[in-house]
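Enquirer: I would like the atomic coordinates for the input below:
(one chain, ligands or ions: 1)
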Amino acid sequence: MNIIEGNLALSGNEKVAIINARFNHIITDRLVEGAKDAFLRHGGSEDNLDLVLVPGAFEIPFVLDKLLESGKYDGVCCVGAVIRGSTPHFDYVSAEATKGVANATMKHGKPVTFGILTTDNIEQAIERAGSKAGNKGFESMTGLVELLSLYKSL
Ligand code: INI
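Expert: Numbering: from 1, shown residues only. Modelled structure (predicted):
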């Protein structure tokens, strides 16, 4: 059986963007730190890493679409934190962010990863932003590194 899979080694030439939603930035800034750390640890060059800031997770898909359309990036890592409140707002924002990221990814055929937390409360978000449940930004960028490698062999 031929197994086709990516590895976790970047050449240093890959051009990558992180899109970060500023909403809940106490959390999302930690996700960016994790994503940057993963990119550099796997051999990425800081000069080839751009950070694009948007107001909230709802805006991530529109900017993702533009970045992929530009042809400047080999892949994009999306991070954000949608935290449930007392109204249905959470459901709309998280659904649009999820659907929108998937749609833009399918449209452009480039590697994109989803590091947008959707949590019931701030504690769950803190746990996933560099404390007891790890750092989802780091995990999301690590996934992107693997996909960048895999796409070269597909
Ligand atoms: N945006 C988030 O990224 N996280 C949230 O938890 C959130 N909540 O709960 O309101 C949120 N709302 C803002 C939204 O993403 C848009 O920026 C805003 O509606 C303007 O379009």
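Enquirer: isn't residue 6 up against residue 142?
Expert: No: no contact is recorded between residue 6 and residue 142 when judged using CB atoms under 8 Å, the distance being 10.7 Å. In this view, the C-beta of every residue, glycine as well, is placed from N, C-alpha and C.
Enquirer: neighbour-wise, which of these two wins?
Expert: Between residue 6 and residue 142, counted using other CB atoms under 10 Å, the more crowded position is residue 142 (21 against 18).
Enquirer: element containing the nearest residue to the more buried one once chain neighbours are set aside?
Expert: Nearest non-adjacent residue to residue 142, counting by CB to CB, 6 or more residues apart in numbering: residue 38, 4.8 Å away. Using DSSP states H and E, the element containing residue 38 is helix 25-41.
Enquirer: now the strands: where do they sit in this structure?
Expert: In chain order, the chain shows strands spanning 16-21, 49-54, 75-83, 112-119, 129-131, 134-135, with DSSP state E as the criterion.
Enquirer: what does this protein have sitting close to the ligand?
Expert: 21, 23-24, 55-59, 80-83, 85, 89-90, 93 (CB under 6 Å from any ligand atom).
Enquirer: 5 Å instead?
Expert: Counting by CB under 5 Å from any ligand atom, the residues of the chain lying close to the ligand are 21, 23, 55, 56, 57, 58, 80, 82, 83, 89, 93.
Enquirer: what subset of the residues you listed is buried?
Expert: Among those, those scoring as buried are 21, 23, 56, 57, 58, 80, 82, 83, 93 (criterion: 16 or more other CB atoms under 10 Å).
Enquirer: how about the residues you listed in CSV, adding distance to residue 108?
Expert: Below are these laid out as CSV (distance: CB to CB, whole Å):
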residue, distance to residue 108
21, 20
23, 25
56, 22
57, 19
58, 20
80, 19
82, 23
83, 29
93, 23
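Enquirer: what's in contact with stretch 27-46?
Expert: 8-14, 16, 18, 20-22, 49, 51, 77, 79-81, 83, 115, 117, 122, 125-126, 129-130, 135-142, 145 (CB atoms under 8 Å, 6 or more residues apart in numbering).
Enquirer: which of the residues you listed are buried? Put it as a PyMOL command.
Expert: What follows is the PyMOL syntax selecting those of those that are buried according to 16+ other CB under 10 Å:
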select buried, resi 10+14+16+18+20+21+49+77+79+80+81+83+115+117+125+126+129+130+135+136+137+138+139+140+141+142+145
